[in-house]
Every structure is written in C-alpha cells, then in structure tokens.
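Novice: got a structure for you, letters missing:
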Ligand code: GAL
C-alpha cells in the first residue's frame, strides 16, 4: 500500500543514484579553504546528498531586506559541480535577531505564561501570522533563487517541527485554537457535548471564552486537553503547508518534506496525519547511549517510520556517527555500530542514510556532537567508518526501491497515545508504548518483520495483528480490526484498549466497549496493581501493572489470575470468530509470559521468522518489484554468528558462506 500524497512533484529518488548518502552541511561555520577541502573529503566518503541552509536565515538576510546569497550560491555551485544533490532548507528553523527585536510577539509562550527567548533556535510559534509572513517571504526568495539549480533535489522545510517545544500558549495560539475548534465542532453545543462540560460547571456559552489548557487548580477537562494536542500537532503541519504552498508555486516539480522524529520518544505530533502532506517521509533518529537494547529501539523507530511512509522507501535524514552532546553522558558508538545502525535503517526501508552533521563544529552548542568529519580529522575510527559506510552503500544500490515484507502488524495511533496518558486514569503505570514495545521486542529478537499500521488503514495481508493499549478508537477503526479477525487473522487486543470513543467518552455496557463483541468478553472493573506489584497467573507465570474482572461472553479462558480477589478470573482469552480468532490479554506478563504468548500467536497465525540465525542477529528481508530479495543479517554480538541463507553478500561481492563476523553485517542477494 502506498500513501496518496499531493500530486505534482517528481520523486526525490529519481535525482539520486543508488542509496543516498550524506548529512546536514552547515558550511557557513567555516572559511573558504575548509569548504574547498570538504569537497575532496565528500568525494572520498562517497557523499551524494546533503541538507543545506537549515539554520542560515541570519546569514542570508543579515538585516531586514538586506540579503547575502553569495556564499550559498558558491556552496550550491560547488556541490553541483561535484555531483552532489541538495535538500535545500527554507532556513526558517531559527528566526534572526532583527526579526525577534522587531516582532517579539512571534516568540513561544509556555503553559505557565513564560515567554521563551531568542539566543537558541526554534523560537517562534507556528500560529504567529507575522512569523508565517516572514517565513514565507524568505522561503520564496530561496525558491526563486535556486529553482533551476542543478543541485536542487528536495525542499527541506524548516527543521524537526515541534522539537524542543510542541505546544504554544500565547494569545495568537489561543485564538488559532478557538478557530480550529469552531471548524471542528461548528456549534458550541457540539463542543460542550464532546467535552462533557456538563460536569464541574464547565459549560461554554460561545467559542470566545475558550482557552488552551494552561495552569489550573486541578485536572483540566480531558476533551480540552485532547483537542489541544490535536490542534498543536495540526498547527505545526499547517505552518508547513503554508511554506510548501510557496514552494509549489515556484518549483512545482521539486518534492518537499520535513524531518520527523518518529521514535518511542516523540509523542506530540501525529505523523500518520502529517504524512499526507509530505512528498517523501524523512526521519531523524538518535540512540539513547545508555540503553543496552538501543538497537531494538532503533528498529522500533525505523519500523514506525516505514509505517508512516505507508511502506514506501524513506530518508534517514539525521543520525549520529558517534556520540551526541545532549544526553547526560555522551558515550561514543562502539566499533562497527555506525555501520550496523545505518544498515538497520536501510534494512527497515530507508533508501538514504544521512547524519547530523558533515563536519564537527569548533564552536557553538553542538561542538561536542560527533559528525562525519571529526575534530581529530581523517586519522580516526569515525572517519574510516564513514568512508567504509559510503562504499558499502554504493554496493547496496540494487536494494533501492525494494520493500520490507511483513505478515505481522502492530496497530499504532498517536491519538490513542495522547488520550491514554491524559491524567485521571485507573493507573499512572499504564503507558501507551510499554506493552507494544514488549511485543515488538519479542518479534525483533525472533527475526519477524512487523509493520505499524494506522487503525483505519487496511489490514489485508496480515496474519497477525497486535492491538496494544488502543484506549481510544473510532467505530470505523474498531470495525476494521474486528473484520481482520473475521477474515482469518489472529488478532490480539491488550488491556485498556477500546475503552472510549474519539471524544474520550466511555463506551458503556462493560469494557472494552469497542471490542467486547469480537473478543467475546465483558470487563466489569479494573484492578491496577500497586507500584512494583506482581501477580501470579494460573500457569505459574507472573505479571505486573494491571488486572481486571473479566467475564467470558463467548470466548474461552486460556489462562487465569490466581490471586485474591480475582482467583479463577480469566487473564487471557481466545474467541474464534469467522476464519480467525480474537485474543484478549488482561494483564502485562513478564518477559517469559510475553514469549510464551508470542509462541502461541505465531503457531496459530503461521507467521514465521524471515530466516534462521544464531541469537543476536537482526534479520530483515526487502523484496524488489521483480521478486528478487535481499536478506539483511546484522550481527549485534561480539562473536561470529551463523545465518542460514544462500546468495551473494552484496557488501563483499562474494558468495555468502553462512557466517556473519562479530559485529558485522551481511546483505545477501538471495538465490
Ligand atoms: C536534531 C537537530 C539537529 C541537531 C541534532 C543533534 O534534533 O535537527 O540540528 O541538533 O538534533 O543530535
């Protein structure tokens, strides 16, 4: 399935041969001799694609209406002469000082009324009409100047929209919120009904009195909170659309995107919604160095990005060659980790591998952030690995355009994430991603590919569907999930799913209202566990976080709670429906419990690993339209590992001999 996006521009992939390689290029930091040296080094590394001008506004327009494009002309010309393509930025991610001085009203305001000042970056609110006018202005000038430039391949709109600050509480934001609400509800009666304002005397007589959910004596109306999250995500993509309208007018043939931050850490932005406006999906991903399973979190981010892209190839717009500068302790990557990380993204659908940034800064906030060219220069492990990656990516050209194969799906919804974590819930320990990540981890370790699918999207072709903590769900999405079970899939729904509709209103008559029928159960009351508490299960297993009073209504009990007051109450159920089955998990089993449940679900659904290998080898298969297939085998261990596969390892050009060396990667073009 491919996403239907705005028609018009050509595909960025037509501009670049093979897998694209490069990073953010900020040459404005360097004198001309270094910029010239850069060109030679880029050639040595095999760089083909760079993001340019992301934070350049103050240099391009040093004072209002005074422009200096000379340096950028030279950079663009030199890159074109060296065969390097550019994702040219709109330069709007850091407003210049003169603009802030003249229009301080563009600055972001936090929930407690604090105005966030300049001197850093991203100091504007997307709802500021003044900021939008100036941003559209510089965007138009850049587009006009470079519209026919041979280096131009893609527009890089702003940068990481919503990074640092994603919700804005100023006067202009409040009135944009009110206008958004008026469009959503038309009448104030409809808003009052949706927000349940009859409770606590919160009824509104008109839209005029409504404010963003700021600071209040107690918990704020959940409908107001949820709509403000929706509005805040919309306000950023609406700002993006305004800049893209300018770019479309000037360069209808050049695609546009902005770099997302899809991972387990970014909650505020509804990227499934945003995807409709991006011509190609681009993502930034940074490892948490202290996480011993950071490669699994990377896979989660990459799989989610592929889901947002509807399965199409995507751009890894930023990651790091080694340490970052913004974690408490910034440890370098281990030997070979740069290659493993990069090819894990490629395995999971990226057709471009890029870094922040090309050359490590000598001054400024990010001087201790690694880059492709380190402070210490060419005689470094990082540089050797950067050059090695460049030549590896060249060898992977045949992989370009192929797609990841998957028979398992995880249903993912940003709105459910928001709604499930608004305050005043049965347990603060219920987190949207926890159960989902436990299942994703299990499938990762088994070499089973999994797609992330938006709840209303087609589930056809998936034999296993996991629905984790999908607290809020529309009627249509619930019907879509039930239909997948009836059509033959094995569907697992986990606790605290299907509880409310899209307005955060309880689906009455017993939980989980949206899935009661397909699951053949009815839940009477929730029994969340105390902090750190554990619960024994009938098969000797242990679980945490949650239990509840489940009644069977057609389903069979597979496992039960075995502790007071829920002894004998089902904790896991299965309901045969149509050609498939709907399972319900009423607690959070420990790792062994997750593994034995996954065993059962795989046995029933017939979903199998993409290949067989020793433990610790990440396995993913991409398949091209002509049927040829590429097996990525990434050895995360420090000893050699066996992989059962036959074909040519594209990275060495020789027949694959069945072993991937310690910490190494094989990409096998299969026989
Ligand atoms: C990203 C940002 C880059 C750089 C990078 C450092 O959030 O887009 O400009 O700051 O982080 O990890």
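Specialist: Received, thanks. Please read these numbers as outputs of a predicted model, since none were measured by experiment.

Novice: Please make it C-alpha for all contacts and neighbour counts, starting now.
Specialist: OK.

Novice: Is the residue of the stretch 201-350 of the chain found nearest the ligand in a helix, a strand, or coil?
Specialist: Residue of the stretch 201-350 of the chain nearest the ligand, by C-alpha to the nearest ligand atom: residue 324 (5.7 Å). State at residue 324, reduced to three classes by DSSP: H, G, I helix; E, B strand; the rest coil: coil.

Novice: give the contact list for it.
Specialist: By C-alpha atoms under 8 Å, 6 or more residues apart in numbering, the contact list for residue 324 reads 330-332, 368-370.

Novice: Ranking by neighbours, what's the top pick from those?
Specialist: Highest neighbour count within these, by other C-alpha atoms under 10 Å: residue 370, with 27 neighbours.

Novice: who's in contact with that residue?
Specialist: 320-325, 356-357, 360.

Novice: mind redoing it with 10 Å?
Specialist: Shown in contact with residue 370 (C-alpha atoms under 10 Å, 6 or more residues apart in numbering): 319-325, 330, 332-333, 355-361, 382.

Novice: Roughly how far does it sit from residue 192?
Specialist: Going from residue 370 to residue 192 by C-alpha to C-alpha, to the nearest Å gives 51 Å.

Novice: what does residue 663 give?
Specialist: Per C-alpha to C-alpha, residue 663 is found 58 Å from residue 192.

Novice: Looking at these two, which is more packed in?
Specialist: More neighbours surround residue 663 than the other of residue 663 and residue 192, with 21 against 18 (other C-alpha under 10 Å).

Novice: in the stretch 201-350 of the chain, what spans have low per-residue confidence?
Specialist: When residues are selected by pLDDT under 70, none of them lie in the stretch 201-350 of the chain.

Novice: now the biggest helix by length in the chain, how far from the chain's geometric center?
Specialist: In the chain, assigned by DSSP state H, the helix with the most residues is helix 222-250. Once both centres are worked out by C-alpha atoms, centre = their mean, to the nearest Å, helix 222-250 turns out to sit 17 Å from its chain's centre.

Novice: Show me what it is packed against.
Specialist: Applying 3 or more C-alpha pairs under 10 Å, 6 or more residues apart in numbering; DSSP states H and E, one finds that helix 222-250 contacts helix 129-146, strand 152-156, helix 171-185, helix 188-195, strand 256-257, helix 271-274, helix 414-421.

Novice: looking at the ones you listed, which is closest to residue 41?
Specialist: strand 152-156 (20.8 Å; C-alpha to C-alpha).

Novice: for the spatially most central residue of the chain, what are its contacts?
Specialist: In the chain, the centroid-proximal residue (C-alpha atoms, centre = their mean) is residue 262; its distance is 1.7 Å. Contacts for residue 262 (C-alpha under 10 Å, 6+ apart) come out as 269-271, 282-285, 300-306, 308.

Novice: Number of residues surrounding residue 44?
Specialist: That count, for residue 44 with other C-alpha under 10 Å as the rule, works out to 14.

Novice: For the ligand, see how far away it is.
Specialist: To the ligand, residue 44 is 24 Å away according to C-alpha to the nearest ligand atom, to the nearest Å.

Novice: Hmm, residue 389 and that residue touching each other?
Specialist: No - Residue 44 lies out of contact with residue 389 (C-alpha atoms under 10 Å); the separation is 11.2 Å.

Novice: check whether the host helix or strand of residue 317 contacts the ligand.
Specialist: Element membership for residue 317 (DSSP states H and E) is strand 314-318. No - shown here: strand 314-318 not in contact with the ligand (C-alpha under 6 Å from any ligand atom), separated by at least 7.2 Å.

Novice: which residue sits closest to the residue in the stretch 401-550 of the chain that the ligand sits nearest to, ignoring its sequence neighbours?
Specialist: Ranked by C-alpha to the nearest ligand atom, the top residue of the stretch 401-550 of the chain for proximity to the ligand is residue 414, at 20.2 Å. Nearest non-adjacent residue to residue 414, counting by C-alpha to C-alpha, 6 or more residues apart in numbering: residue 270, 5.4 Å away.

Novice: Tell me who's in contact with the one you found.
Specialist: With contact taken as C-alpha under 10 Å, 6+ apart, residue 270 is in contact with 229-230, 232-234, 237, 262, 308, 413-415, 417-418.

Novice: I am finished for the moment; much appreciated.
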